[in-house]
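> using only what follows, build the 3D model:
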Amino acid sequence: MHIEMPQATGPKHLDSPSRQPVGPSDDENILSRTALRFAAWMEKWFPDAFVFVLLAVLISFTGSLAIGAPVSSIVKAFGDGFWNLITFTLQASLVVIGGYVVASSPIATRAIRWLAGIPRSGPSAVAFVAAISCGSSLLNWAFSLIFGALLVKELARRHPHLDYRAASAAAILGVGSVWALGVSSAPAQLMANAASLPPALLQITGVIPFSQTIFLWQSMVMAGVLLTVTIAVAYFSAPRGSHAVTATSLGIDLNIKPVPTQKAERPGEWLECSRGLSLIIVCLGAAFLALTFAEMGFLKAISNLNIYNFLFLMLGLLLHGTPRSFTQSVFGSGAFR
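Next up, the predicted model:
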């Protein structure tokens, strides 16, 4: 499945003849005017996120030199430490796959269509996307990204005057605000799993369970405050009237492309399209999870990243129904491209 988001383009694009004033008369406020100025600046100057990764390496290198570390030691530490988090990296990748598989399931698609009928205006739609994005990111940040992007496209079909940039930005607010206070928080998951931690770090910190991180009452209050502020900012900063840049003016294709159904013709394809086979595996997985939750307790078990990922993979297999639909969704997540 391809999720198309608006591409970063310069202000020249926004001033192109294809952008015509849409919607009702202007009712901009100071927050939305500020958001428009920041959007223009970011579209011109903000690089790809990977650039910041490279810059962070250079800053770390420079800082190490500044405190007197030898160049040879810095270079060796860079190479030796490159794979220290390989276990956690693979686990984090499965978080993405599991979240994508669940978000792209047929049941999730029907839920998106129902949810898209709730907002009644462009700004309320942007705030609604922010609420869904933030709320779902507390469960799984990857699910939040995909579910939010699909919701934006469905809302854009129903609200032609919706500012597609603001709605798309709202779809990633969960990852930009509260996700680190949720169950799929990378820092919390890393510190709660001894197998994921580099041995040197484990000796210093030990294992820190969820009860001492995301499930502290202070963390939950912080999540509630961030949710409230984020949704309010999304609503009041959404461009209105002629300042709204719609999906059409950005050249976004909102047409639904039906996926052609393929009939099983060979014995191997019969198994690929077998719901019974998937159901047997899901039942085995459910039995394992039930035993694990009974033995460890739900909170302790869900803080284990392997069990967390297993839960989402089994849920994805259940929601997709057949092995073929499940594997197509996994490949659609981009994990093998």
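
> dead centre of this protein: give me the residue that sits there.
Nearest residue to the geometric centre of the chain (Cα atoms, centre = their mean): L145, 2.8 Å.

> where does that residue land on pLDDT?
We have a pLDDT of 87 for L145.

> contacts only, for it.
99, 103, 171-172, 174-175 (Cβ atoms under 8 Å, 6 or more residues apart in numbering). Where C-beta positions appear, they are placed from N, C-alpha and C, glycine not excepted.

> let's see 10 Å
By Cβ atoms under 10 Å, 6 or more residues apart in numbering, the contact set of L145 is 3, 5, 96, 99-100, 103, 133, 136-137, 171-172, 174-175, 179.

> SS state for it?
Three-state assignment for L145 (DSSP: H, G, I helix; E, B strand; the rest coil): helix.

> switch the contacts of L145 over to TSV; also include neighbour count, distance to R37 and secondary structure.
Putting the contacts of L145 into TSV (neighbours: other Cβ atoms under 10 Å; distance: Cβ to Cβ, whole Å; DSSP: H, G, I helix; E, B strand; the rest coil) gives the following:
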residue	neighbour count	distance to R37	secondary structure
I3	17	28	coil
M5	18	21	coil
V96	20	33	helix
G99	26	33	helix
Y100	26	34	helix
A103	29	33	helix
S133	31	23	helix
S136	23	30	helix
S137	31	27	helix
A171	27	22	helix
I172	21	20	coil
G174	30	25	helix
V175	17	24	helix
W179	26	27	helix
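
> mind showing which ranges of this structure have poor pLDDT?
Confidence mapping of the chain against pLDDT under 70 gives the ranges 1-28, 256-265, 268, 333-337.

> against D253, how distant is A92?
In this structure, A92 and D253 are 31 Å apart, going by Cβ to Cβ, to the nearest Å.

> give me the more crowded residue out of the two.
A92 (19 against 10; other Cβ atoms under 10 Å).

> the more buried one touches A142, doesn't it?
Yes. Counting by Cβ atoms under 10 Å, A142 is a contact partner of A92 at 9.2 Å.

> which ones are touching the residue nearest to G117 when sequence neighbours are not counted?
Spatially, and ignoring its direct neighbours in sequence, G117 is nearest to R158 (7.1 Å; Cβ to Cβ, 6 or more residues apart in numbering). Neighbour list for R158: 113, 116-117, 119-120, 125, 254 [criterion: Cβ under 10 Å, 6+ apart].

> what segments of the stretch 101-250 of the chain are helices?
Counting by DSSP state H, counting those that start in this stretch, the stretch 101-250 of the chain has these helices, from start to end: 106-115, 122-137, 141-158, 164-171, 173-176, 186-192, 199-205, 217-237.

> now the ones you listed in TSV, with distance to N84?
Formatted as TSV, these follow (distance: least, Cβ to Cβ, whole Å):
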stretch	distance to N84
helix 106-115	35
helix 122-137	27
helix 141-158	22
helix 164-171	32
helix 173-176	24
helix 186-192	11
helix 199-205	8
helix 217-237	27
